[in-house]
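>>> take this sequence and fold it.
(one chain, ligands or ions: 1)
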Amino acid sequence: MLVVNIEQAGYSEGSEVLKDIHFSINPGELVGLIGPNGAGKSTTVKSILGILTNFTGTVDVSDYSYVPERPIFYDRATLWEHIDFLQTILEADEEEFRERAGELLEIFQLTEVIHHYPDSFSKGMQQKVMLILAFLRKPDLYIIDEPFMGLDPKATRILLNLLEEEKKKGAGILMSTHVLDTAEKRCDRFVLISEGRLVIQGSLSDIQDKAGLLDGSLFDCFDKLTEHES
Ligand SMILES: Nc1ncnc2c1ncn2[C@@H]1O[C@H](COP(=O)(O)OP(=O)(O)OP(=O)(O)O)[C@@H](O)[C@H]1O
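Numbers count the residues shown, from 1 in each chain. Model (predicted):
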C-alpha cells in the first residue's frame, strides 16, 4: 500500500532535512506520523507525494487521496461544483456518487451550503469539504495532514468513524498529527520522527518498551525518547 524508503530529502541541493526514514503501511492500517514542530513530518509527506526536488530513495504508493492541512479550492466553483467536477474526472457512476456525496454532506452538516463557495467557509468547514472530496475518491490509501486542528469534537468523531469504516474496507491511512491522545487511541502503529530522523516505529507497546515506560502514554514515551533534544 505504501512503502517509504527515504535515503535523504530536502528543499534544495545540499540541504538535508530527512535522513534514513523507512516505513510501510499495510491494508487496513492506520499509522500515525508524529514528531515535534519542525521534525520533518510535512517533508516526509511531500517526499511521498513526489514534490521535492532534492530527494534520494524510493516510494511505492497505491492510489491515494491527500488531505492537506491547508485546504485548496477552485475559487469560482461552489461546493456542489467541486463534487460534480470530481465525479466527472473519476468517471464515477453518477447516481452512486451523488448518493454518497449527499450522505457525507449530511453527516458533516454542509447540505445547506452546497451552492456556496468553499473559499467563504470557516476553516473547519473547508477541512470537512477536503475530507468529503477525499472520501468520495475511494482510494486505497489516505494521506491526511493534521486533520484535527480545525474540526470541532463532533466532526472529529465523525472523521474517526469514517476512517474506521475505510480501514475495515482495507484502506491504509497515514495521518500526521500532534493530537497524541487521539492518536494513541486510534492508530494501529506510529512512526516517530525527530530532527529529520526516524526515532522509532511500532505499536504503542513497542514504543512503551523502547522508552522503558510500560504504562506510559504516547506523550510520555514521545517525551522520553526525544528528551536529549530539548
Ligand atoms: N519550503 C521549505 N523550504 C525550506 N525548508 C523547509 C521548508 N519547509 C520546511 N522546511 C524545513 O524542514 C524542516 C522540517 O519541517 P517540516 O515542515 O517537515 O516539519 P513538521 O514536522 O511538519 O513540523 P510542524 O509540526 O511544525 O508542521 C524544518 O527545519 C523546516 O524549517
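
>>> quickly list what I200 is bridged to.
L192 (DSSP bridges).

>>> just the strands in this structure please.
2-10, 18-25, 30-34, 54-61, 64-67, 141-145, 172-176, 189-194, 197-202 (DSSP state E).

>>> will you turn those strands into TSV that also has distance to the ligand?
Heads up, the C-betas are built off the backbone N, CA and C, glycines and all. Listed next are these as TSV, based on distance: least, C-beta to the nearest ligand atom, whole Å:
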stretch	distance to the ligand
strand 2-10	7
strand 18-25	8
strand 30-34	9
strand 54-61	10
strand 64-67	14
strand 141-145	8
strand 172-176	7
strand 189-194	7
strand 197-202	11
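
>>> can you list these in TSV and add distance to E95 and mean pLDDT?
Listed next are these as TSV, based on distance: least, C-beta to C-beta, whole Å; pLDDT from 0 to 100:
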stretch	distance to E95	mean pLDDT
strand 2-10	32	97
strand 18-25	32	97
strand 30-34	30	97
strand 54-61	30	96
strand 64-67	22	96
strand 141-145	25	96
strand 172-176	28	97
strand 189-194	38	96
strand 197-202	42	96
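
>>> reformat those strands as CSV; add mean neighbour count.
Rendered in CSV, the data for these read as follows (neighbours: other C-beta atoms under 10 Å):
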stretch, mean neighbour count
strand 2-10, 19
strand 18-25, 19
strand 30-34, 24
strand 54-61, 15
strand 64-67, 19
strand 141-145, 22
strand 172-176, 25
strand 189-194, 23
strand 197-202, 18
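
>>> let me have the ones you listed in a markdown table, extended by distance to L110.
Shown next, in a markdown table, are the strands of the chain (distance: least, C-beta to C-beta, whole Å):
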| stretch | distance to L110 |
| --- | --- |
| strand 2-10 | 29 |
| strand 18-25 | 29 |
| strand 30-34 | 24 |
| strand 54-61 | 29 |
| strand 64-67 | 16 |
| strand 141-145 | 18 |
| strand 172-176 | 22 |
| strand 189-194 | 31 |
| strand 197-202 | 36 |
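
>>> what's the closest of those strands to L159?
Of all the strands of the chain, strand 141-145 sits nearest to L159, with 8.7 Å by C-beta to C-beta.

>>> what residues does the residue nearest the centre of the chain make contact with?
Centroid-nearest residue in the chain: I144, 1.5 Å away (criterion: C-alpha atoms, centre = their mean). By C-beta atoms under 8 Å, 6 or more residues apart in numbering, I144 lies in contact with Y66, V67, A134, I173, L174, M175, S176.

>>> correct me, but the fifth one touches L2?
Yes - distance between L174 and L2: 6.5 Å, which falls inside the contact criterion (C-beta atoms under 8 Å).

>>> hey, what's in contact with both of these two?
Shared contacts of L174 and L2 (C-beta under 8 Å, 6+ apart): I25, I48, L141.

>>> need those residues in TSV (columns: distance to E164).
Below are the shared contacts of L174 and L2 laid out as TSV (distance: C-beta to C-beta, whole Å):
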residue	distance to E164
I25	16
I48	23
L141	16
